[in-house]
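In: give me coordinates for this.
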Amino acid sequence: MTPLPPGSTIGILGGGQLGRMLATAAAQLGYHTHVLAPDQESVAAQSASTMTRADYHNRIVLADFADACDVVTYEFENIAVEPVEWLADRVPVHPSPRALRVAQERIGEKRFVESVGGRPAKWAAVDSLASLREGLARVGTPAVLKTARFGYDGKGQVKIDAPEGAQDAWDAIGGPAVLEAFVPFEHEFSILIARGLDGSIVRYAPPLNLHRDAILRHSTVPAPAAVLAQADEAAALAERIATELDYVGVLACEFFVGADGPVFNEMAPRVHNSGHWTIEGAECSQFENHI
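Out: Numbering: from 1, shown residues only. A predicted model of the protein is given here:
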């Protein structure tokens with residue numbers, strides 16, 4: 001493993017607030033940053049050394065971007081994986097395109113997590129109204145129908161309170177989709193870990209998360225005892241996920257406190273809003289660790 005020398009350029013795909021915080025952390029550590037994003041108004045440009053405004057699929061721009069960067073990362077997962085794979089053939093990309101692909105597709109994500117010993121809520125793959133009705137018979141109600149790809153902050157999903165709601169839910173979401181049993185829970189929390197090129201892993205204290213209108217409003221550390229009782233098991237799963245993906249960078253995994261242990265909700269292959277407390281509350285912030 002060769003450390004990235006100060007003065008190197010780190011490419012960041014995405015121009016949002018997480019990109020801005022990554023660029024700030026990189027500057028404090030002595031690195032230049034080059035942000036690539038299609039946004040006309042990008043907050044990441046406020047902290048980046050260089051900003052390129054262009055579509056992610058523009059191969060001419062991507063080639064110039066790869067030439068200008070020593071390593072590339074991304075600040076959000078709702079980006080087409082193909083340009084990231086194209087870049088990875090020309091410049092190191094962390095986290096890997098494989099991690100991005102797993103996180104983008106909910107059915108594949110659940111199968112992957114189950115393969116490494118995780119326990120998501122009961123679920124069924126759905127590609128037609130008939131399969132939705134079959135899924136409801138297996139999963140039960142209440143349940144949540146979600147688009148199979150992308151979706152964030154509560155978008156791309158609808159709750160089904162009874163089997164009779166199948167038609168309306170299918171009309172709203174369509175397929176392919178994933179049907180998930182609705183999890184009654186008192187606490188929701190996240191695990192944030194950072195994995196290095198050498199495979200070493202560090203973890204942060206698990207924050208208790210409060211969402212309102214599907215948006216994260218508060219993260220509290222230290223979390224209550226009910227969360228801490230399940231944190232080690234959840235963190236062990238996050239570490240298995242990272243190891244299996246040969247992951248490099250900060251990984252966030254969200255969980256519900258379940259009656260029989262942590263229930264996996266979703267993973268985010270990036271720095272995470274529930275880790276903002278680490279800027280002032282930890283010796284090394286999630287952004288510094290990711291860089």
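In: break down the stretch 151-291 of the chain into its strands, ranges please.
Out: Taking DSSP state E, counting those that start in this stretch to define them, one finds strands in the stretch 151-291 of the chain at 157-160, 177-181, 188-195, 201-203, 208-212, 215-220, 249-258, 261-268.
In: buried stuff in the shortest one?
Out: Spelled out, that is strand 201-203. Along strand 201-203, these residues count as buried under the neighbour rule (16 or more other Cβ atoms under 10 Å): I201, R203. Quick note: C-beta positions are derived from backbone N, CA and C, even for glycine.
In: could you check how far it is from the centre of its chain?
Out: 17 Å (Cα atoms, centre = their mean, to the nearest Å).
In: same check on stretch 161-169?
Out: 29 Å.
In: before we move on, what about stretch 180-190?
Out: Using Cα atoms, centre = their mean, the offset of stretch 180-190 from its chain centre is 17 Å.
In: same question for stretch 8-25.
Out: Once both centres are worked out by Cα atoms, centre = their mean, stretch 8-25 turns out to sit 16 Å from its chain's centre.
In: list the buried residues for that stretch?
Out: Buried residues in stretch 8-25, counting neighbours by 16+ other Cβ under 10 Å, are found at 9-16, 18-25.
In: now for those: which two are most distant?
Out: The distance between the two most remote of these (Cβ to Cβ) is 19.7 Å, for T9 and G16.
In: for the top helix by length along the chain, packing partners?
Out: Secondary structure of the chain read by DSSP state H shows that its longest helix is helix 225-244. Of the remaining helices and strands, those touching helix 225-244 by 3 or more Cβ pairs under 8 Å, 6 or more residues apart in numbering; DSSP states H and E are helix 106-115, strand 188-195, strand 201-203, strand 249-258, strand 261-268.
In: could you check the angle strand 177-181 makes with the first one?
Out: Computed by axes from the mean of the first three to the mean of the last three Cα atoms, to 10 degrees, the angle separating helix 106-115 from strand 177-181 equals 50 degrees.
In: ok, the closest residue to E77 other than its chain neighbours to T243 distance?
Out: Once its chain neighbours are removed from consideration, E77 has its nearest residue in A103; the separation is 4.9 Å (Cβ to Cβ, 6 or more residues apart in numbering). For A103, the distance to T243 (Cβ to Cβ, to the nearest Å) stands at 16 Å.
In: so which of these two has more stuff around it?
Out: Each of A103 and T243 has its neighbours counted (other Cβ atoms under 10 Å); A103 has more, 24 against 13.
In: quick one, phi/psi of the more buried one?
Out: Torsion angles at A103 (phi, psi; degrees, to the nearest 10) stand at phi -70, psi -30.
In: isn't it up against E254?
Out: No. Using Cβ atoms under 8 Å, A103 is not in contact with E254, being 11.4 Å away.
In: would you mind measuring from the residue of the chain most remote from its centre to E266?
Out: Residue distances from the centre of the chain (Cα atoms, centre = their mean) peak at E164, which lies 33.0 Å from the mean C-alpha position. E164 is 28 Å from E266, where distance means Cβ to Cβ.
In: Q286 and S8, how far apart?
Out: In this view, Q286 and S8 are 20 Å apart by Cβ to Cβ.
In: got it, and E82?
Out: Noted for E82: a distance of 26 Å to S8, by Cβ to Cβ.
In: then A125?
Out: For A125 relative to S8 (Cβ to Cβ), the value is 43 Å.
In: do the same with K122
Out: If you go by Cβ to Cβ, the gap between K122 and S8 works out to 46 Å.
In: repeat that for P269.
Out: Using Cβ to Cβ, P269 is found at 22 Å from S8.
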